[in-house]
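Colleague: Sequence and predicted model, in that order:
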Amino acid sequence: MVKDLSIQELEKRFQEKIDKDIKIEPNDWMPDDYRQTLIRQISQHAHSEIVGMLPEGNWITRAPNLRRKAVLLAKVQDEAGHGLYLYSAAETLGADREETIDDLHSGKAKYSSIFNYPTLSWADMGAIGWLVDGAAIMNQVPLCRCSYGPYARAMVRVCKEESFHQRQGFEIMAHLAQGSPEQKAMAQDALNRFWWPALMMFGPNDAESKHTLQSMNWKIKRHTNDELRQQFVDVTIPQAEMIGLTIPDKDLIFNELTGHYEFGEINWDEFWNVVKGNGPCNKDRIDTRKKAKEDGAWVREAALAFADKRQKRKSA
């Protein structure tokens, strides 16, 4: 019956389902722009989870004790799982996983700009957990109500695990802030370096975001970039004050009338420079992912050969 309807009627029925908060499923008709928007967003999200393992994996062998090492191992393992969920969600839209990964390696596809900054100390593991995963939670909890069913359902588990990641990061920062003067200084240094990149995670200002309006109309997104960034600032500043750390923003002030914190201007030149591939670690991150794919080629080939052999036995 669907093939007998005009594009205009199909688009009308599609938007009616969106407006009624009825989930769109893989076999449902959807506009090509909706499909492509989701493939772009979900694959970028998957890339971010996989690339995000690198700055933390760098500290697994240097964790200060066995408990911290076990927790960090679990966290990095979670990120790998998140990437797999999300690549699978993109595949339900017709995306080819290998092609999306090749797009990452070629620079065609992007990932979160935050992972192009180096992790220089153990305190950075705390800053990433507290700030980066905290920002991710702000972004991702509304995605549990995304209009596309597979993405929304994947995000439920992802958000539960990200909540653990944020708590362990805050715990690291709190312990360091309450430790020796050197430890507190290390925590403050990590906050100084990751605060502004964390704010950049929400993307460009609303006026500069070319995808936000349409994504909100399709209920892929529920809040604008600036709304989410403001929520993050309002939640995070009291946490910093509670553990005795200082937000590195001389313009920061609480507005009694609005009930929100007003903060300084983000360095958008730095943001766009990193997004375009010119950040401190862009090249290293992509080179590492390329090498991982090349080194793992024999495993994929062996698995495919075994699956083919097994299928032939069943068919015989």
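Modeller: In hand now; what should we look at?

Colleague: Excluding chain neighbours, what is closest to residue 222?
Modeller: Spatial nearest neighbour of residue 222, excluding adjacent residues (CB to CB, 6 or more residues apart in numbering): residue 142 at 3.9 Å. For every residue, glycine as well, the C-beta is placed using N, CA and C.

Colleague: my read: residue 240 touches residue 249, true?
Modeller: No. If you go by CB atoms under 8 Å, residue 240 and residue 249 don't touch, sitting 10.6 Å apart.

Colleague: of those two, who's got more company?
Modeller: Shown here are residue 240 and residue 249; by other CB atoms under 10 Å, residue 240 has more neighbours (20 against 17).

Colleague: for that one, helix, strand, or coil?
Modeller: helix (DSSP: H, G, I helix; E, B strand; the rest coil).

Colleague: And for it, nearest residue in space, chain neighbours not counted?
Modeller: Per CB to CB, 6+ apart, closest to residue 240 is residue 247, 5.5 Å.

Colleague: the strands in the stretch 151-300 of the chain, which residues?
Modeller: Assigned by DSSP state E, counting those that start in this stretch, the stretch 151-300 of the chain shows strands spanning 253-255, 260-262.

Colleague: which stretches of the stretch 201-316 of the chain aren't confidently modelled?
Modeller: Within the stretch 201-316 of the chain, not a single segment meets pLDDT under 70.

Colleague: mind listing the helices in it by residue range?
Modeller: Listed in chain order, the helices of the stretch 201-316 of the chain (DSSP state H, counting those that start in this stretch) span 212-217, 225-242, 268-273, 282-295, 297-315.

Colleague: How about the stretch 1-150 of the chain?
Modeller: 7-19, 32-51, 53-57, 66-91, 97-106, 123-127, 133-140, 149-177.

Colleague: So which bits of the second one are buried?
Modeller: Spelled out, it's helix 32-51. By neighbour count with 16 or more other CB atoms under 10 Å, helix 32-51 contains the buried residues 34-35, 37-51.

Colleague: Please apply the same query to the first one.
Modeller: Within helix 7-19, the residues that qualify as buried are 14, 17-18, counting by 16+ other CB under 10 Å.

Colleague: Take those residues and lay them out in TSV including distance to residue 148 and pLDDT.
Modeller: Conversion of the buried residues of helix 7-19 to TSV gives the following (distance: CB to CB, whole Å; pLDDT from 0 to 100):
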residue	distance to residue 148	pLDDT
14	12	94
17	11	96
18	10	95
